[in-house]
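Participant: got a predicted structure here, sequence first:
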Amino acid sequence: MGAVINKQAFDVQAIRRQFPILSREIDGKPLVYLDNAATTQKPQCVIDALVDYYTTCNANVHRGAHRLADEATQRYEQARDTIATFVNAASRREVIWTSGTTESINIVAIGAAQLLREGDEVLVTQMEHHANLVTWQQACKRSGAKLVVCPIDENGELNLTAFGQLLNERTRLVAFPHVSNALGTVNPVKDLCQQAKAVNAWVLVDGAQGIAHEPVDVQDLGCDFYAFSGHKLFGPTGIGVLWGRESVLAEWPVWQTGGEMIATVTYERAIWGELPGRFEAGTPNIADAIGMGKAVEWFSALDMPAVMAHERALIESATEQAEAFEGLRIVGTARNKVGVLSFVLDEGHPADVGFLLDRQGIAIRTGHHCAEPLMGRLGVPGTARASFALYNTLEEVGALFTALQKVRNLLG
Ligand code: PMP
């Protein structure tokens, strides 16, 4: 699998210099990029990996009988090994390339729709992103299974008592986020997996937000599926991963059919190929898989405890300043939180807050964050959300609140 990596000391300014976009200005003001839960920026090495692939060895993978095809295949499959090592997969066969978290979840749900029966239950939570909710609504509709939604508390934490009570012998599949994109809540994934496994349910973890903030060891977590996107992990858009436990994937119905996913084909029938190709019909997104492999290589070389400590300092500082900010209410105050400060201001609609912050060079996201039912549950139409990544600084957190003062003056 991947090469042994020397950990670099964590120096936020040195990190920032690797991200060309972070030195951009917006209307003459330095860009303060606080929309990392939507997508992260890319280090130069990832950009270079994409350019290098197209410049030196672009070819279709697996089927070519020439040098470029060999090199492209090698890079593409090496990237898969990098991912396998990164999440501690038991085998590279467990790593399926997808277009992102949404597609990863859909692959599982399309298969599940064939396996679920009337009377079966699928358990999700009130804090789902639409990708992990609508998908299960559809799978239940197609199969006749029932969708059960585990409540959250006012602070945005999963109600663990309810979770335990809702699990039963009819629960066939449990799906929940590692980290909530709208609130930053970190779920106790390992504990939830253990409970779900006690009733023999399959477990899917939506790792879109968790993967860049905590080390992920899929074997230790005990889930069956872990879904994540390259673009939230300093990699390209249009690429992601479905990690699936091999014994489960081996039994899972295929989703797309076509070239690359078969062993043999006659005019009458086809026999599916081996993992992971069985779930990768057609020409894959070769360049971006290589780019995502590079991003993970880059990320894996960082000192993760130092990264986590830095991110903790950012969210703690943001929370402290938010609590002291008159007329601001934090939405989502879980005890274990990463990366996200969601809030509403008395004076203004989140969309106005976002607009006025943008005028000051500060990029945040506003709205329901693809979690419309969650906003309803928390009694807000939407929030303003500042989301942090490892390249953000305490000064940028300060800049957010200085800018918010101006917003309040303008709106108040
Ligand atoms: N789940 C969560 C928790 C997310 O934050 C996102 C992206 N906002 C997704 C799923 C979907 O990811 P993608 O758009 O990359 O497929």
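Facilitator: Everything's here; your move. Numbers count the residues shown, from 1 in each chain.
Participant: nearest residue to the most centrally placed residue in the chain other than its sequence neighbours?
Facilitator: For the chain, the residue sitting closest to the mean C-alpha position, by CA atoms, centre = their mean, is A208 at 1.0 Å. Closest residue in space to A208, ignoring its immediate chain neighbours: T101 at 4.1 Å, by CB to CB, 6 or more residues apart in numbering. Quick note: C-beta positions are derived from backbone N, CA and C, even for glycine.
Participant: residues touching that neighbour, list them.
Facilitator: T101 sits next to 131, 206-208, 227-229, 232, 240 when contact means CB atoms under 8 Å, 6 or more residues apart in numbering.
Participant: hmm, back to that, my guess is the residue nearest to the centre of the chain meets S180, correct?
Facilitator: No. Assessed by CB atoms under 8 Å, A208 is found out of contact with S180, at 10.1 Å.
Participant: output the set of residues of this structure in proximity to the ligand.
Facilitator: By CB under 6 Å from any ligand atom, the part of the chain that sits against the ligand consists of 37, 100-102, 129, 131-132, 177, 181, 206, 208-209, 229, 370.
Participant: keep only those of these that are in strands.
Facilitator: 177, 206, 229 (DSSP state E).
Participant: turn these into CSV, columns for neighbour count.
Facilitator: Shown next, in CSV, are these (neighbours: other CB atoms under 10 Å):
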residue, neighbour count
P177, 29
D206, 31
S229, 29
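Participant: how about a markdown table for the residues you listed, with pLDDT added?
Facilitator: Below are those laid out as a markdown table (pLDDT from 0 to 100):
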| residue | pLDDT |
| --- | --- |
| P177 | 98 |
| D206 | 98 |
| S229 | 98 |
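Participant: how near is L356 to the ligand?
Facilitator: 23 Å (CB to the nearest ligand atom, to the nearest Å).
Participant: likewise G348?
Facilitator: 24 Å.
Participant: got the contact list for D358?
Facilitator: D358 sits in contact with I26, where contact means CB under 8 Å, 6+ apart.
Participant: again with K406
Facilitator: Counting by CB under 8 Å, 6+ apart, K406 has contacts 356, 360.
Participant: switch to 7 Å and redo it
Facilitator: By CB atoms under 7 Å, 6 or more residues apart in numbering, the contact list for K406 reads Q360.
Participant: report the buried residues of stretch 49-65.
Facilitator: Using 16 or more other CB atoms under 10 Å as the test for burial, stretch 49-65 gives 49-50, 52-53, 57, 59, 61-62.
Participant: start to end distance for it?
Facilitator: 23 Å (CA to CA, to the nearest Å).
Participant: need the contact partners of that stretch.
Facilitator: Under the criterion CB under 7 Å, 6+ apart, residues 68-73, 75-76, 236, 260, 283-284, 286-287, 290-291, 294 lie in contact with stretch 49-65.
Participant: switch the cut-off to 6 Å
Facilitator: With contacts defined as CB atoms under 6 Å, 6 or more residues apart in numbering, stretch 49-65 is touched by 68-69, 71-73, 76, 283, 286-287, 290-291, 294.
Participant: buried subset of those as a PyMOL selection?
Facilitator: Those of the contacts of stretch 49-65 that count as buried under 16+ other CB under 10 Å are selected in PyMOL with:
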select buried, resi 69+71+72+73+76+286+287+290+291+294
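Participant: what is the nearest of the contacts of stretch 49-65 to the ligand?
Facilitator: Checking those against the ligand by CB to the nearest ligand atom gives G291 as the nearest, at 14.5 Å.
Participant: that closest one is in what secondary structure piece?
Facilitator: helix 286-300 (DSSP states H and E).
Participant: extract the C-alpha set from the very next helix or strand once past that helix and format it as CSV.
Facilitator: Past helix 286-300, further along toward the C-terminus, the next helix or strand under DSSP H and E is helix 304-323. The C-alpha coordinates for helix 304-323 follow below in CSV (Å, rounded to 0.1, in the frame of the first residue of the first chain):
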residue,chain,number,x,y,z
MET,A,304,-3.0,15.2,12.7
PRO,A,305,-3.1,15.9,16.4
ALA,A,306,-1.6,19.3,15.7
VAL,A,307,-4.2,19.9,12.9
MET,A,308,-7.0,19.0,15.3
ALA,A,309,-5.6,21.2,18.0
HIS,A,310,-5.4,24.1,15.6
GLU,A,311,-9.0,23.5,14.4
ARG,A,312,-10.2,23.3,18.0
ALA,A,313,-8.6,26.6,18.7
LEU,A,314,-10.4,28.1,15.7
ILE,A,315,-13.9,26.9,16.7
GLU,A,316,-13.3,27.7,20.4
SER,A,317,-12.3,31.3,19.5
ALA,A,318,-15.2,31.6,17.1
THR,A,319,-17.6,30.3,19.7
GLU,A,320,-16.3,32.6,22.4
GLN,A,321,-16.6,35.7,20.2
ALA,A,322,-20.1,34.6,19.0
GLU,A,323,-21.3,34.2,22.5
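Participant: ends of stretch 23-41, what's the gap?
Facilitator: 12 Å.
Participant: I'd say F10 and D303 touch.
Facilitator: Yes. Taking contacts as CB atoms under 6 Å, F10 lies within contact range of D303: 5.0 Å.
Participant: comparing those two, which residue is more hemmed in?
Facilitator: F10 (17 against 14; other CB atoms under 10 Å).
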